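Asks: this one's structure only:
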């Protein structure tokens, strides 16, 4: 049955969860007592209230005792600063930045007014091309407060991709870092816009990006015709600040506020357009599910340009007054471990490969992880052995699994703090509050519970659409408002969702349907296998054959024959990979999503060369 997971959200519970009272505030570890944990669990359950009905068909809705929030992001920030001006709001370790909520709000206001002083108006698009830093967070909140639409540009983008993104949404301004890893942003901008050498800051005119007028450089302004970030914070006049107040008062929660380009597991980036209402509420219910309070410190090593950082990270913290803690510009396992220990973080985010990298770090045992209690693992499925290690070695006994997509703000399913281990490794939890989900067959009909089909979601979190792309918007969101995810899934009688795979990843071998996820889960049991990806490749006889790319644990060695022997008589013969390749790494997006289409292309080239 769908179990009721609700209790009343009484003032007593809220007081016991607050930073200034009750056992949570006095805790030296994640909880001062088991009673504190019960209070946190009870309060979190209110957001995931389910009915007492056993599912017969694959349709669920997520009612909640907590209503949707109607304020804008700027209004939410103002409330956070007013309620807890001296509480820690933002830590950026690599920059030595520590800001209270009051200090953060003041910097946001200065930068937002500075943006308006450039002549930018509500609805204008402002790109940000940068790794994680304090300026990224300030830009996110400032653009929202000024009614500007933030365009998040992958820091790994190169010249052609940058040009496409800027022109697709007609960016009027760009906030940029100087460099990141092997990317020299200044050099790429000079190539894209040679006119910069003679341009005036704020009056850029470039043939290849005709809508861009202003470039704002994080740090010192070494790029020609660029403002420094600090200069924008300092340039606002009293008139600009008064204008910001007027603009903020006119904004509506349904206004578009963010364009996120899809990370591209299949190539073609699309600009998912999201509103205040989309991402503020999604962050709020993610945080509620993990029982966040202003006593929490959330370690965020995932990229801000993606929903994982800017919604699951920033918005979940903003709506609960929890501190945002960034360990570095990009993910580094040692820096993340150091940050958790130094800042006594209570929550940790990442994709499975990030958690593996930390657990396998040679210095892992030297760090105190006892402050951790919860967090989010997303991006791909969590093997059961990895979950067990996270609980036993990192103290993440309340680690949650999230599922969603950029187009749904992103989270639509999440496990709860008290879901049993088996649910957390075999499912992505139950549908989020105020969201609907169904599983349909190829004809669009809802299938019985437990039957595999395409997962569709509907509700407040669904994007407005793809920016300036009506055709692809209609292809993703049907006339009834359902977002078609392209994922194969099941909903069991208790309402838990299991992701079987991508529709395009389904392998059909000699008429037999093979779900790669099933084979991967079996192979994860092998003690020498650290990670594995299974996919189909063309085959003249069977149509498709199965291929496995395997990453081994350190100091282990096995052969293709060993893997086939491990599978023999344990799984059906047609599910045993015909091809096995040992690799050191997998092609993946910045956010950790595996790019199986690149693996498939590589194998197709290899096999073609062997003919």
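Replies: Arrived safely, thanks for sending. These numbers were taken from a predicted model, which means no experiment stands behind them.
Asks: what about residue 581, how many residues nearby?
Replies: Residues contacting residue 581 under the criterion other Cβ atoms under 10 Å number 14. In this view, the C-beta of every residue, glycine as well, is placed from N, C-alpha and C.
Asks: mind checking the SS state of it?
Replies: Reduced to three states with DSSP: H, G, I helix; E, B strand; the rest coil, the structure at residue 581 is strand.
Asks: list the buried residues in stretch 531-539.
Replies: Of the residues in stretch 531-539, 531-537 count as buried by neighbour count, 16 or more other Cβ atoms under 10 Å.
Asks: could you do stretch 167-176 as well?
Replies: Of the residues in stretch 167-176, those buried by neighbour count under the rule 16+ other Cβ under 10 Å are 168-169, 171-176.
Asks: what's the end-to-end length of that stretch?
Replies: Using Cα to Cα, to the nearest Å, the gap from the first to the last residue of stretch 167-176 comes to 16 Å.
Asks: ok, and what's touching it?
Replies: Stretch 167-176 is contacted from outside by 115, 118, 120, 124-130, 135, 139, 149, 151, 165-166, 185, 189, 208-218, 223, 226, 229, 259, 271, 467-468, using Cβ atoms under 8 Å, 6 or more residues apart in numbering.
Asks: got JSON lines for the buried residues of stretch 531-539, with secondary structure too?
Replies: Rendered in JSON lines, the data for those read as follows (three-state DSSP):
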{"residue": "531", "secondary structure": "strand"}
{"residue": "532", "secondary structure": "strand"}
{"residue": "533", "secondary structure": "strand"}
{"residue": "534", "secondary structure": "strand"}
{"residue": "535", "secondary structure": "strand"}
{"residue": "536", "secondary structure": "strand"}
{"residue": "537", "secondary structure": "strand"}
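Asks: remind me which residues of this protein are low pLDDT?
Replies: Residues of the chain that meet the criterion pLDDT under 70 lie in 1-52, 263-268, 590-591, 611.
Asks: residue 66 belongs to a strand?
Replies: No. Counting by three-state DSSP, one finds residue 66 to be coil, located in no strand.
Asks: now secondary structure and distance to residue 584 too, for the buried residues of stretch 167-176, in CSV please.
Replies: As requested, the buried residues of stretch 167-176 are arranged in CSV below (DSSP: H, G, I helix; E, B strand; the rest coil; distance: Cβ to Cβ, whole Å):
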residue, secondary structure, distance to residue 584
168, helix, 35
169, coil, 37
171, coil, 37
172, coil, 43
173, strand, 40
174, strand, 35
175, strand, 35
176, strand, 32
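Asks: ok, these vs residue 578, which is closest?
Replies: The nearest member of the buried residues of stretch 167-176 to residue 578, counting by Cβ to Cβ, is residue 168 at 41.1 Å.
Asks: hmm, back to that, Serialize the buried residues of stretch 531-539 to JSON lines and add fields for distance to residue 413.
Replies: Formatted as JSON lines, the entries for the buried residues of stretch 531-539 read as follows, by distance: Cβ to Cβ, whole Å:
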{"residue": "531", "distance to residue 413": "23"}
{"residue": "532", "distance to residue 413": "24"}
{"residue": "533", "distance to residue 413": "22"}
{"residue": "534", "distance to residue 413": "23"}
{"residue": "535", "distance to residue 413": "24"}
{"residue": "536", "distance to residue 413": "26"}
{"residue": "537", "distance to residue 413": "31"}
